[in-house]
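Trainee: give me the fold of what follows.
(4 chains)
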Number of protein chains: 2
Amino acid sequence: MDETPGFRPLYRQVYDYLVRQIATGVWRPAEALPSEQDLAGELGVSQGTVRKALDVMAAEQLVERRQGKGTFVAEQTQERALFRFFRWAYPSGQRAIPTSMGGTVRRRPSSSDEQRKLHLRENAKVIEIGRMRLIDGKPTIVETIVVPVMLFPDIDKRVPLPNSLYSLYQSAYGINIVAVEEEVRAELVRKDDAKKLNLTVGSPLLRIDRVAIALDGSRVELRVSRCSTRDLIYAVTIR
Amino acid sequence: MDETPGFRPLYRQVYDYLVRQIATGVWRPAEALPSEQDLAGELGVSQGTVRKALDVMAAEQLVERRQGKGTFVAEQTQERALFRFFRWAYPSGQRAIPTSMGGTVRRRPSSSDEQRKLHLRENAKVIEIGRMRLIDGKPTIVETIVVPVMLFPDIDKRVPLPNSLYSLYQSAYGINIVAVEEEVRAELVRKDDAKKLNLTVGSPLLRIDRVAIALDGSRVELRVSRCSTRDLIYAVTIR
DNA sequence: GAGTGGTCTAGACCACGCA
DNA sequence: GCGTGGTCTAGACCACTCT
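Mentor: This is a model prediction of the structure:
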């Protein structure tokens, strides 16, 4: 289970150090890191070793490297987060970036299911956000988001919430989302959602259950999205 | 559109050479490549350059590297292909590997939609395969596969077809599937599928339209899968 | 012990962005 | 022209596998 390598490459240690610097906010999103030469000097390793660590981080989209300019902490802009983690497309195949609207926010105790999926304690409280997403101004996706109060203490006071929460997580709470796990199901529309989405009873609906995973591997957000695939489909490439 | 770099790194040329060797069957699946030293000597470059090319290929899962043993052409075993490209899981979240059963095979002219998606000529013929997939012995997925006759000339004579066609594509036709693009929709079950899957009329169904992409980037197979998410869900991780 | 891939170093030169 | 990342080399040593 817990694999102890017994041998820890130098570049891994450099990697860990650099990730910690970013995670603790020493270098902020969009800021440049010191040059490879400078880092190598500071850490007492060769430039090639720093380079290898940075290459791994670039592959994980944690930093961005630009030849001639430098290495920059990756920034979760609105557009970037939406493009990376939201797999919606028009039936024609063209990618679609939904906007968000309104939203209700409330605090409540966590359910046992949420405790299990987010690794919360029994008495942990969560914040639940409900909102609609629009395509071309038309309500298309019903979205319910659940996050622990402990990690995002005042997020319910930040209404109106931005289109992509992930850039807010990064800028306001120092939490970087690096991956999402999604489960996709087909189900029949419920009465309340039918009204919101302007669908007839008995319509099929795509339901997506998402868990968002932060840089340190912890699960920090649950999200359920419901959408009619009359207007929008879910498109993904597996390599 | 066509990006001409004007500068072609050496390791890229080595990469192209090595990929060509594999694509043309000089080194067969599961075979070992020459060692880095030998390749470097043959090609007149340094070991580090060969290493960089091989690292890229390993990241693309084109080869497998094993310390102390060598570098091997990645093999599409049944299990591997199913685990990599089939995203089915039980509602509990545990991955599910469906088996396949029976199947009808027929040749017919390609539709204009197929011509567009597979980049076929107007008069191109295709082979259509229809079959069921089972979970725990129960019919669960209806699968329709379309491939061009040109690429798989005698595949309709190879019944019964294996559980994963991708290992057959590799071993019998030298075609390596390296990625799949999938579009997911929710729809209502059709009468014929309801019978096959033992569902009632009006049940929601998950429909997945897949395009399989070969090593050279060409699109070589279309596949439509229909499944009730009462028994199986579609699970994917986005990084 | 021999052979393989994996790590680490030091140094040279190239391509790129910018002032 | 300078500083950045990107490529390439040559060589040393380490970790792993098999004989």
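Trainee: what's in contact with stretch A:68-81?
Mentor: With contact meaning C-beta atoms under 8 Å, 6 or more residues apart in numbering or on different chains, stretch A:68-81 is reached by A:22, A:27-33, A:35-36, A:54, A:58, A:61-66, A:97, A:162-164, A:166-167, A:169-171, A:176-177. C-beta: built from backbone N, CA, C; applies to glycine.
Trainee: narrow the residues you listed to just the buried residues.
Mentor: Neighbour-count burial (16 or more other C-beta atoms under 10 Å in any protein chain shown) is assigned, among the contacts of stretch A:68-81, to A:22, A:27, A:29, A:33, A:36, A:54, A:62-63, A:163-164, A:166-167, A:169-170, A:176-177.
Trainee: next step: those restricted to helices.
Mentor: Counting by DSSP state H, the buried ones among the contacts of stretch A:68-81 place A:22, A:36, A:54, A:166-167, A:169-170 in helices.
Trainee: before we move on, back to that, report the entries of the contacts of stretch A:68-81 that also contact chain B.
Mentor: Of the residues in the contacts of stretch A:68-81, proximity to chain B by C-beta under 8 Å from any C-beta of the partner chain holds for residue A:61.
Trainee: hang on, residue A:119 packs against residue A:219?
Mentor: Yes: when contacts are counted by C-beta atoms under 8 Å, residue A:119 is listed as touching residue A:219 (6.3 Å).
Trainee: with neighbour numbers in mind, choose between the two.
Mentor: Between residue A:119 and residue A:219, residue A:219 has the larger neighbour count (other C-beta atoms under 10 Å in any protein chain shown), namely 16 against 12.
Trainee: tell me the contacts of that one?
Mentor: Residues in contact with residue A:219 (C-beta under 8 Å, 6+ apart) are A:117-119, A:211-213.
Trainee: where's residue A:143, which helix or strand?
Mentor: Secondary-structure element containing residue A:143, defined by DSSP states H and E: strand A:138-148.
Trainee: what pLDDT does residue A:3 get?
Mentor: With respect to pLDDT, residue A:3 has a value of 48.
Trainee: no wait, residue A:135
Mentor: 92.
Trainee: now it: phi and psi?
Mentor: Backbone torsions of residue A:135, given as degrees, to the nearest 10, read phi -120, psi 120.
Trainee: from what I see, it and residue A:98 are in contact.
Mentor: Yes: between residue A:135 and residue A:98 a contact is recorded at 5.3 Å, counting by C-beta under 8 Å.
Trainee: give me the more crowded residue out of the two.
Mentor: residue A:98 (21 against 17).
Trainee: mean confidence score for stretch A:45-60?
Mentor: 97.
Trainee: hmm, who's touching it?
Mentor: Here stretch A:45-60 makes contact (C-beta under 8 Å, 6+ apart) with A:10-12, A:14-15, A:18-19, A:33, A:36-37, A:39-40, A:43, A:63-65, A:71, A:178, B:59, B:239.
Trainee: against DNA strand C, how distant is the residue nearest to residue A:171 when sequence neighbours are not counted?
Mentor: Sequence neighbours aside, residue A:29 is the residue nearest to residue A:171 in space, at 6.8 Å (criterion: C-beta to C-beta, 6 or more residues apart in numbering or on different chains). As defined by C-beta to the nearest atom of the strand, to the nearest Å, residue A:29 lies at a distance of 18 Å from DNA strand C.
Trainee: so residue A:29 touches residue A:168, yeah?
Mentor: No: assessed by C-beta under 8 Å, residue A:29 is found out of contact with residue A:168, at 11.9 Å.
Trainee: tell me how far the residue nearest the centre of chain A lies from residue B:168.
Mentor: Most central in chain A under C-alpha atoms, centre = their mean is residue A:177, positioned 3.8 Å from the mean C-alpha point. Separation of residue A:177 from residue B:168 (C-beta to C-beta, to the nearest Å): 39 Å.
Trainee: let me know how buried residue A:149 is, in neighbour terms.
Mentor: By the criterion of other C-beta under 10 Å, residue A:149 has 17 neighbours.
Trainee: repeat that for residue A:117.
Mentor: Neighbour count for residue A:117, taken as other C-beta under 10 Å: 18.
Trainee: residue contacts, residue A:148?
Mentor: Applying C-beta under 8 Å, 6+ apart, we find residue A:148 in contact with A:110, A:118, A:120, A:124-127, A:220.
Trainee: mind running it again at 10 Å?
Mentor: If a contact means C-beta atoms under 10 Å, 6 or more residues apart in numbering or on different chains, then residue A:148 has A:110, A:114-115, A:118-121, A:124-127, A:219-222 as its contacts.
Trainee: so which of these sit within helices?
Mentor: Taking DSSP H as the definition of helices, the contacts of residue A:148 contribute A:114-115, A:118.
Trainee: low-confidence ranges in chain A?
Mentor: A:1-5 (pLDDT under 70).
Trainee: which element, helix or strand, includes residue A:15?
Mentor: helix A:10-23.
Trainee: in that helix, what's buried?
Mentor: Across helix A:10-23, burial judged by 16+ other C-beta under 10 Å covers A:11, A:14-15, A:18-19, A:22-23.
Trainee: restrict the residues you listed to those near DNA strand C?
Mentor: When C-beta under 7 Å from any atom of the strand is applied, the members of the buried residues of helix A:10-23 adjacent to DNA strand C are residue A:11.
Trainee: just put the buried residues of helix A:10-23 in a markdown table and tack on distance to residue B:156.
Mentor: Listed next are these as a markdown table, based on distance: C-beta to C-beta, whole Å:
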| residue | distance to residue B:156 |
| --- | --- |
| A:11 | 51 |
| A:14 | 55 |
| A:15 | 51 |
| A:18 | 55 |
| A:19 | 53 |
| A:22 | 55 |
| A:23 | 56 |
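Trainee: near DNA strand D too, which of the contacts of stretch A:68-81?
Mentor: A:33, A:35-36, A:54, A:65-66.
Trainee: that's all I had, so thanks and see you.
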